[in-house]
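# structure for the following, please:
(2 chains)
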Amino acid sequence: DAGVTQSPTHLIKTRGQQVTLRCSPKSGHDTVSWYQQALGQGPQFIFQYYEEEERQRGNFPDRFSGHQFPNYSSELNVNALLLGDSALYLCASSFRENYGYTFGSGTRLTVV
Amino acid sequence: GESVGLHLPTLSVQEGDNSIINCAYSNSASDYFIWYKQESGKGPQFIIDIRSNMDKRQGQRVTVLLNKTVKHLSLQIAATQPGDSAVYFCAEKMRGNEKLTFGTGTRLTIIP
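Numbers count the residues shown, from 1 in each chain, chains lettered A, B, ... in the order given. So this is what the prediction gives:
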């Protein structure tokens, strides 16, 4: 039974570019949350998707957007990349109101 | 505002000894708490959780204690092993809020 799968594992982008990160939730899970983890810090909540809609959003600018597909997989898009967007981006999945969040291994984004 | 903090950024423990990692939270509305373990290059891995209507919960070699009076959470790891070396995060979730709020983490090093 596969856990949460994220792709790519590593990515290098230039300032001003756009990036798309992908997440496949754990089998049986229908809710996907995205987190940003800067080096040496705890993860910060970006947003959560359920039933293909953004259910809640953290304190991130509109440059961060997302999408959830009918198969529950999700994408995180970041536009106009800044150096400060360099971080580990984590996807976590869960089943509805179940508090059992499972995290993927993340995508390491480096903006140069 | 809400915050989750940790008392110590690093902790070194002799192999076989017990370790205690502490965490303070500030929001009395938090009703669910989780401890995660994060190894280098990996996403957070669930260790144990506790709801606010409990004071203590035990797992395999781990125990979480919740003191709501002083808003304090601790993780006890018994008979530590080299594989326990990692960064440990506490996270809180508030009633009616979808996001997890993480602390900055404690790096636990097990000395052989």
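# how about residue A:76: what's its closest non-neighbour residue?
The shortest distance from residue A:76 to any non-neighbouring residue, by Cβ to Cβ, 6 or more residues apart in numbering or on different chains, is to residue A:21 (4.5 Å). To be clear about C-beta, it is placed using only N, CA and C from the backbone, and glycine gets the same treatment.
# and chain A, which residues reach chain B?
A:4, A:33, A:35, A:40-45, A:48, A:55-56, A:58, A:90, A:92, A:99-106 (Cβ under 8 Å from any Cβ of the partner chain).
# check the residue in chain B positioned nearest to chain A and give its pLDDT.
Distances between chain B and chain A by Cβ to the nearest Cβ are smallest at residue B:102, namely 3.2 Å. The per-residue pLDDT reported for residue B:102 equals 92.
# check contacts around it.
A:42-44, B:4, B:36, B:89-91 (Cβ atoms under 8 Å, 6 or more residues apart in numbering or on different chains).
# so which of the residues you listed would you say is closest to residue B:66?
Nearest to residue B:66 among the contacts of residue B:102: residue B:90, at 10.4 Å, using Cβ to Cβ.
# tally of neighbours for residue A:14?
Residues within reach of residue A:14, counting by other Cβ atoms under 10 Å in any protein chain shown, total 8.
# that one and chain B, how far apart?
24 Å (Cβ to the nearest Cβ, to the nearest Å).
# let me see the contact set for the nearest residue to that residue once chain neighbours are set aside.
In space, and not counting its chain neighbours, residue A:14 is closest to residue A:112: 6.0 Å by Cβ to Cβ, 6+ apart. The neighbourhood of residue A:112, defined by Cβ under 8 Å, 6+ apart, consists of A:12-15, A:83.
# check residue A:35 too.
Counting by Cβ under 8 Å, 6+ apart, residue A:35 has contacts A:43-46, A:89-92, A:103, B:100.
# tell me how many other residues crowd the closest residue to residue A:95 other than its chain neighbours.
Sequence neighbours aside, residue A:29 is the residue nearest to residue A:95 in space, at 5.1 Å (criterion: Cβ to Cβ, 6+ apart). Applying other Cβ under 10 Å, we find 20 residues neighbouring residue A:29.
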